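1. Here you go, sequence then predicted model.
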Amino acid sequence: MAGSWYPDDATQLAAVVDRYVAAVEDDPPPGRPRALIAPHAGLMYSGPVAAFAYKVIRGVPYRAIVLVGPSHFVPFRGVSIWREGAWETPLGPVAVDAELSAGIRAYSPEVVDLAEAHGREHSLEMQLPFIAHLLPGTPIVPLVMGHQTRQTAFALGDALVAAVTASGRADDILLVASSDLSHYEDAQTAASLDAVVLERVEALDAGGLMDALERQPRHACGGGPMVAVLHAARQLGAASAHVLRYADSGDVSGDKSAVVGYMAAAIW
């Protein structure tokens, strides 16, 4: 997506990220977040919202960041992991934490190797401008979820807990769920649908969010990743969650007749 959804020039990209983060006037809450939820649309649309999440962890050292996003193009069962190497960005390569990746893979048969699930996928890529610029040198573990079933979401959450705990560095690993909310509803309908997700996130209620998604899949494209990360964060000791920003694409485009909802949240 470099050169289309976000600038492919390092200087320009860094300047855009800095501008979005600087526009967040709220001081970040104290403490070290265990998890974030951030959107993944084109940077001009979702970047101003994602900046609310990433400002909270700017300058906070983490040993690794686990990214969980939905598969938009390849349908499959389970969750595809990218196990080693690095992902290229205009800001330089972002290494994959092969050791943590292997740990997650070992703890659940739901975690599979399906390289093609990552080929066209943007849900994780759109997190990288913030990670590469604000947390340079921090490795990632990329995970793309196929069919977002209850079994897959909670199994991934359990695998994350097991692998992070076994690594001996649970407090140094950040979990990030990548998700946009409702798609192409009018702004009023979108806000009503999205409010259900915001409420369940702030309650740290993975089960309640999964119930809502099963009743109404229109709530989010990355509902399963959010459920997995909420479930894992709570098992790892998280006690509170805060929605930092909610907006929709119409705030940028001016068209409120068919919007995409965006949320930034942090979990402590």
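-> It's in.
2. Name the residues that touch the helix or strand where Phe130 lies?
-> For Phe130, the host element (DSSP states H and E) is helix 128-134. Where contact means Cβ atoms under 8 Å, 6 or more residues apart in numbering, the residues beyond helix 128-134 that reach it are 6, 13-14, 16-18, 21, 38, 43, 47, 50-51, 54, 57-59, 65, 87, 89-92, 94, 138, 140. Quick note: C-beta positions are derived from backbone N, CA and C, even for glycine.
3. quick one: average pLDDT of that helix?
-> Across helix 128-134, the average pLDDT comes to 98.
4. likewise stretch 14-25?
-> Stretch 14-25 carries an average pLDDT of 97.
5. for it, which positions count as buried?
-> Ala14, Val16, Val17, Tyr20, Val21, Val24 (16 or more other Cβ atoms under 10 Å).
6. was I right about the fourth one contacting Ser46?
-> Looking back up the chat, that one is Tyr20. No: using Cβ atoms under 8 Å, Tyr20 is not in contact with Ser46, being 9.8 Å away.
7. Just list whatever residues bridge to Ala86.
-> Note on Ala86: beta-bridge partners by DSSP bridges are Ala95.
8. ok, it - contacts?
-> Residues in contact with Ala86 (Cβ under 8 Å, 6+ apart) are Pro93, Val94, Ala95, Val96.
9. cool, and Trp5?
-> Residues near Trp5 by Cβ under 8 Å, 6+ apart: Ala41, Gly42, Leu43, His122, Met126.
10. Between the residues you listed, which sits nearest Ser182?
-> Proximity of those to Ser182 (Cβ to Cβ) peaks at Ala41, which lies at 12.6 Å.
11. Now do the helices in this structure.
-> Secondary structure of the chain, counting by DSSP state H: helices at 10-22, 43-57, 98-106, 116-119, 128-134, 150-166, 187-202, 206-215, 223-235, 250-253.
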